[in-house]
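K.L.:
need coordinates for the following:
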Amino acid sequence: MSAEKDPAVEAAEAELARLQAEAEAAEAALRAAEAKARLAAARAAVAQAEAGEAADPETAPADPEPGVESAVAGDSAAAPAAASEPTGATVSARATSGPLDQDDVRAIAAAYAFEGETLDIGALVNGDPVPDAQIRIPLGMLNRHGLVAGATGTGKTRTLQGLAEQLAAKGVPVFAADIKGDLSGMATPGEPNDKLLARTQGIGQDWTPAAARVEYFALGGVGKGVPVRATVTGFGPLLLSKVLGLNHTQESSLALVFHYADKNGLPLVDLEDLRSVLTYLTSDEGRPELRELGGLSGATAGVILRELITFAEGGADVFFGEPEFDVSDFLRTAPDGRGVVSLLEVPGVARRPELFSTFLMYLLAELFEILPEVGDPDKPELVFFFDEAHLLFRDASKDFLSAITQTVRLIRSKGVGVFFVTQTPKDVHEDVLAQLGSRVQHQLRAFTPDDAKALRATVRTYPRSGYDLERVLQELGTGEAIVTVMSENGAPTPVAWTRVRAPQGLMDPTPEARIEAAIAASPLLPKYGERVDRESAYEMLTTRMNAAEEAQRRAEAEAELARQRAEVEKADRAAEKKAQQEYERLLKKTSGRARTRTSSRAEKSTLEKVLGSRTTQTLLNGVIRGMFGTGRR
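P.N.:
Numbering: from 1, shown residues only. The predicted structure is shown next:
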């Protein structure tokens, strides 16, 4: 019997087969588009030839100069070809000045001419921009996720801003983390200038200033925005282990602590609650329960407790608490039908990068939990831009990576699109990268051997194209990108060198006063503005431990009282015993003389007892007084 294949190997082979099928489908689509373009050109040539034969000979030029005939023939052939091919009809003659020939340009333009609603990324570049060859993403395919990558300063943030503005204008809510604060400009109309207008006209963009409906949020209330908090229970042991940097054993132990708290009705609202549970389990009162948990040693609990204390002292405790944020508040639209853009301000990401990235993963996981299955809608329910994505995958455990991959894979059917924004594709784990349908790759730099290796690896992941991608990716200008997206039939589109559209909002931060006014007017501020401190594990365990201490003190007092009583009783018994012994000694000493005196006395007769009685004496006295007349008459 042959040995079974490793599941990881089978998964890798399945993924390889899928990627190969996608590449073959893309090549087939490209070949079909090229064939259509050649067919259209041939038909146009035939039509031109037939038209030339039918023309009046007198109207034809007698002796054209050398070279003019071929030029005229070429121009006249191009015009009917353009008329017969809708996509190629408006492709400029400048399309032949770059690495692609005319047929390649027409094929790419045709591949990006979708039937449904789209987001416009920009215009094809072939030496110069080709305004009539617009590069787009089908709106209904945005829940197949995407990647926006590129070195620092290459235009990733402006690409993100432009996509977010278009999504909001089409009624799709957007969530994005505002790392540097400049995405807030979406709330303010842009300011035109000669350079901007020249660029937008050159790519066929009809640019007008416009503002989006923006809601500002702040992680834990640190910064400007409506506070976004999570309870420790809601955050869960897996994500918290990632934040604390715990190893696999410690992660499993932390899960046991969460299980104990849940089983015993101890709500874990903030970090103080979790610390109190760990402190209780490592105390004399809780040690028996710690042993019952199994698999959780006192040493491991102590390590987790120390990490929690350090984490909280760094200021992270403000991110946990109540009221817990309801992620459905990200799925809002304005009264005019536009989607609301939710910007999460995270100014301290440099100090706590793991917390920032893991918190975004928590929000995404919460969306997955609450949203119903919708399949493939015409437009997504929400698009989630995951900036600084490399922070999410750095030092991630196997279980954490598995959770990310599963969430990204399954949340598609909930109508949520996720775009990872980072510097190079290698920052995103390969299992997650395989789930992404659209790619907008800005300039890559290869200053080191490792950079060059990463560049070559990136090039190999693209479908075959007419570009020398290893060279082009290093020569892209600011605001230019190599684009491939998932078409409406699920196949990847041809690679397109694209000059990206300019955002319509301000490309600088919105003024502080306008941001503060927007926050103060937010309908969510009364709901989340004030922190709530209800009874939770800390208070419950404090009460329990105080009651235990009080019971112990009472028991000790009662024991001391009993001891003192016992000592008093013992002393009393000793004194009584001593007195009894002294009494018996004295009794023995005097018992002989008492018997002698008693025996020497003669017993009185009955007559003596009668005559000596008091009654007899009284009668005798009366008789004597009567005889001698001394008694009263």
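
K.L.:
for the stretch 401-550 of the chain, what spans make up the strands?
P.N.:
Using DSSP state E, counting those that start in this stretch, the strands of the stretch 401-550 of the chain run over residues 416-422, 438-441, 480-484, 496-500.

K.L.:
output those as CSV; include the columns distance to residue 542, mean neighbour count and mean pLDDT.
P.N.:
Where C-beta positions appear, they are placed from N, C-alpha and C, glycine not excepted. Below are the strands of the stretch 401-550 of the chain laid out as CSV (distance: least, CB to CB, whole Å; neighbours: other CB atoms under 10 Å; pLDDT from 0 to 100):
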stretch, distance to residue 542, mean neighbour count, mean pLDDT
strand 416-422, 41, 25, 94
strand 438-441, 52, 25, 95
strand 480-484, 56, 25, 96
strand 496-500, 57, 28, 96
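
K.L.:
could you count how many residues lie near the residue nearest to residue 390 when sequence neighbours are not counted?
P.N.:
Nearest residue to residue 390, sequence neighbours excluded (CB to CB, 6 or more residues apart in numbering): residue 427, at 3.5 Å. Residue 427 has 20 neighbours, counted by other CB atoms under 10 Å.

K.L.:
surely residue 427 is in contact with residue 393?
P.N.:
Yes. The criterion here is CB atoms under 8 Å, and residue 427 meets it with residue 393 at 6.8 Å.

K.L.:
picking up where we left off before, of all the strands of the stretch 401-550 of the chain, which one is nearest residue 404?
P.N.:
With distances scored as CB to CB, the stretch of those nearest to residue 404 is strand 416-422 (10.1 Å).

K.L.:
residues in contact with the closest one?
P.N.:
142-149, 156, 160, 163, 364, 367-368, 371, 380-390, 408, 411, 428, 432, 436, 438 (CB atoms under 8 Å, 6 or more residues apart in numbering).

K.L.:
6 Å instead?
P.N.:
With contact meaning CB atoms under 6 Å, 6 or more residues apart in numbering, strand 416-422 is reached by 142-143, 145-149, 156, 160, 367, 380-387, 389-390, 408, 428.

K.L.:
those residues in helices, which ones?
P.N.:
Applying DSSP state H to the contacts of strand 416-422, the entries found in helices are 156, 160, 367, 390, 408.

K.L.:
how about the contacts made by the first one?
P.N.:
So that's residue 156. Each residue near residue 156 by CB under 6 Å, 6+ apart is listed here: 148, 150, 421, 442.

K.L.:
and it, how far from residue 148?
P.N.:
5 Å (CB to CB, to the nearest Å).

K.L.:
okay, now residue 390: neighbour count?
P.N.:
17.

K.L.:
ok, it to residue 255 distance?
P.N.:
Taking CB to CB as the measure, residue 390 falls 26 Å from residue 255.

K.L.:
likewise for residue 22?
P.N.:
38 Å.

K.L.:
for residue 315, same thing?
P.N.:
In terms of CB to CB, residue 315 sits 25 Å off from residue 255.

K.L.:
the two: who's more crowded?
P.N.:
Per other CB under 10 Å, whichever of residue 315 and residue 255 has more neighbours is residue 255, with 18 against 14.

K.L.:
hmm, the more buried one is touching residue 239, no?
P.N.:
No. With contact defined as CB atoms under 6 Å, residue 255 and residue 239 do not form a contacting pair (11.5 Å).

K.L.:
tell me the two of the ones in helices among the contacts of strand 416-422 that are most distant?
P.N.:
156 and 367 (23.2 Å).

K.L.:
can you pull the contacts of the residue nearest to residue 325 when sequence neighbours are not counted?
P.N.:
The shortest distance from residue 325 to any non-neighbouring residue, by CB to CB, 6+ apart, is to residue 228 (4.6 Å). Residue 228 makes contacts with 217, 219, 325, as judged by CB under 6 Å, 6+ apart.

K.L.:
which ones among those residues map onto strands?
P.N.:
In this view, those that belong to strands under DSSP state E are 217, 219.

K.L.:
now render the contacts of residue 228 as CSV, adding distance to residue 534, pLDDT and neighbour count.
P.N.:
Below are those laid out as CSV (distance: CB to CB, whole Å; pLDDT from 0 to 100; neighbours: other CB atoms under 10 Å):
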residue, distance to residue 534, pLDDT, neighbour count
217, 23, 95, 26
219, 22, 86, 26
325, 16, 94, 23
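
K.L.:
quick check, nearest of the contacts of residue 228 to residue 297?
P.N.:
Distance to residue 297, by CB to CB, is smallest for residue 219 among the contacts of residue 228, at 33.6 Å.

K.L.:
how far away is that closest one from residue 363?
P.N.:
10 Å.

K.L.:
what's the answer for residue 279, then?
P.N.:
30 Å.

K.L.:
with neighbour numbers in mind, choose between the two.
P.N.:
Per other CB under 10 Å, whichever of residue 279 and residue 363 has more neighbours is residue 363, with 20 against 16.

K.L.:
quick revisit: I'd like the ones in helices among the contacts of strand 416-422 laid out as CSV, including distance to residue 359 and pLDDT.
P.N.:
Shown next, in CSV, are those (distance: CB to CB, whole Å; pLDDT from 0 to 100):
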residue, distance to residue 359, pLDDT
156, 21, 93
160, 19, 95
367, 13, 92
390, 16, 84
408, 17, 91
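
K.L.:
of these, which is the nearest to residue 114?
P.N.:
Nearest member of the ones in helices among the contacts of strand 416-422 to residue 114, counting by CB to CB, is residue 160, at 21.5 Å.

K.L.:
give me every residue that touches the closest one.
P.N.:
By CB under 6 Å, 6+ apart, the contact list for residue 160 reads 385, 421.

K.L.:
okay then, goodbye and thanks.
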